[in-house]
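In: sequence plus the predicted model coming up.
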Amino acid sequence: MPESLDKAAMDRRYEERCRARRELLSAIGLDASALPVRERAAIEALAGEILSLREDRARLKQELEAAAHLADRDALCPIFNRRAFERELAREISLAERYGTPLCMIFIDLDRFKQINDRFGHATGDTVIKHVAETLVENLRQSDIVGRLGGDEFGIAFSHAELADAKAKAARLESLIGSIVVRDAENEKLESVNLGASCGVAQWRRGRNAASLIAEADETMFRRKNQKKRAL
């Protein structure tokens, strides 16, 4: 049975290539059937080579696109790495400059991530990073750009968003990440840790580039983190 299926697939493939060769020759206005046998065979062989080159080009294009996709992704999370995030943020800035649309950025730093790593190990820390990334993606618009900027730092670019909207979203994300509790189910002696996060918000203004917007959001995040420490 498998041999019959393989033969049937090979027959279909052969028919498809013959049809593709005929269509190619027809497109250039050449009727191979009117040619002598030797010339017809040469023309059909040439058409086959052209089709093979087309297939190779399509395959290489797919492989390059897949490689580019992987190069843009964070090694741990299914979101942009810092390089790709900065590139996409620069693209959003160009659009904001052209059309005069609002643009904001949120810089997120996890509050007690080092404590989690020290208490539960780096494998647990990796799991927490993945969970945070998933939480961000699930609670953002498809048009929002999310990236991991460092070990426990994340960035979000909000296009078509005013400062008040970005601040409201930052507060919501702080609440969601603050509800994450890390514990060791196999060792009850280890005290659980509430993760927490500090978010800094910056609004883009004309003349600002991606680096300066990230730096401002980062600075705002540190002020927020210090504010929370003083409140304890």
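Out: That came in fine, so what should we check first?

In: tell me where this structure has helices.
Out: Secondary structure of the chain by DSSP state H: the helices cover 2-27, 37-72, 82-99, 113-120, 122-138, 163-178, 210-231.

In: reformat those helices as TSV; add mean neighbour count and distance to residue 106.
Out: All C-beta atoms are positioned from the backbone trio N, CA, C, and that covers glycine. Below are the helices of the chain laid out as TSV (neighbours: other C-beta atoms under 10 Å; distance: least, C-beta to C-beta, whole Å):
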stretch	mean neighbour count	distance to residue 106
helix 2-27	11	51
helix 37-72	12	20
helix 82-99	16	12
helix 113-120	17	17
helix 122-138	16	9
helix 163-178	16	5
helix 210-231	15	7
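
In: turn the ones you listed into JSON lines, including distance to residue 192 and mean pLDDT.
Out: JSON lines is the format used below for the helices of the chain (distance: least, C-beta to C-beta, whole Å; pLDDT from 0 to 100):
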{"stretch": "helix 2-27", "distance to residue 192": "55", "mean pLDDT": "67"}
{"stretch": "helix 37-72", "distance to residue 192": "35", "mean pLDDT": "64"}
{"stretch": "helix 82-99", "distance to residue 192": "31", "mean pLDDT": "96"}
{"stretch": "helix 113-120", "distance to residue 192": "9", "mean pLDDT": "95"}
{"stretch": "helix 122-138", "distance to residue 192": "12", "mean pLDDT": "96"}
{"stretch": "helix 163-178", "distance to residue 192": "14", "mean pLDDT": "97"}
{"stretch": "helix 210-231", "distance to residue 192": "19", "mean pLDDT": "94"}
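
In: pipe these into CSV and attach distance to residue 154 per row.
Out: What follows is these, written out as CSV (distance: least, C-beta to C-beta, whole Å):
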stretch, distance to residue 154
helix 2-27, 47
helix 37-72, 15
helix 82-99, 9
helix 113-120, 11
helix 122-138, 6
helix 163-178, 9
helix 210-231, 10
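
In: so which of those helices is nearest residue 146?
Out: helix 122-138 (5.3 Å; C-beta to C-beta).

In: the helices of the chain: which one's closest to residue 152?
Out: helix 113-120 (4.0 Å).

In: can you list the domains in the chain?
Out: When the chain is parsed with automatic domain parsing, its domains come out as 2-72, 82-231.

In: separation between residue 203 and residue 192?
Out: Remark: distance between residue 203 and residue 192 (C-beta to C-beta, to the nearest Å) = 37 Å.

In: who has more neighbours out of these two?
Out: The residue with more neighbours, out of residue 203 and residue 192, is residue 203; 19 against 12, by other C-beta atoms under 10 Å.

In: run through the residues that contact that one.
Out: By C-beta atoms under 8 Å, 6 or more residues apart in numbering, the contact list for residue 203 reads 102, 103, 104, 162, 163, 166.

In: bridging residues for it?
Out: residue 104 (DSSP bridges).

In: show the pLDDT at it.
Out: Note on residue 203: pLDDT of 97.

In: what does residue 157 give?
Out: So, for residue 157, pLDDT stands at 97.

In: can you tell me the closest non-neighbouring residue to it?
Out: Of all residues not flanking residue 157 in the chain, residue 145 sits nearest, at 4.0 Å (C-beta to C-beta, 6 or more residues apart in numbering).
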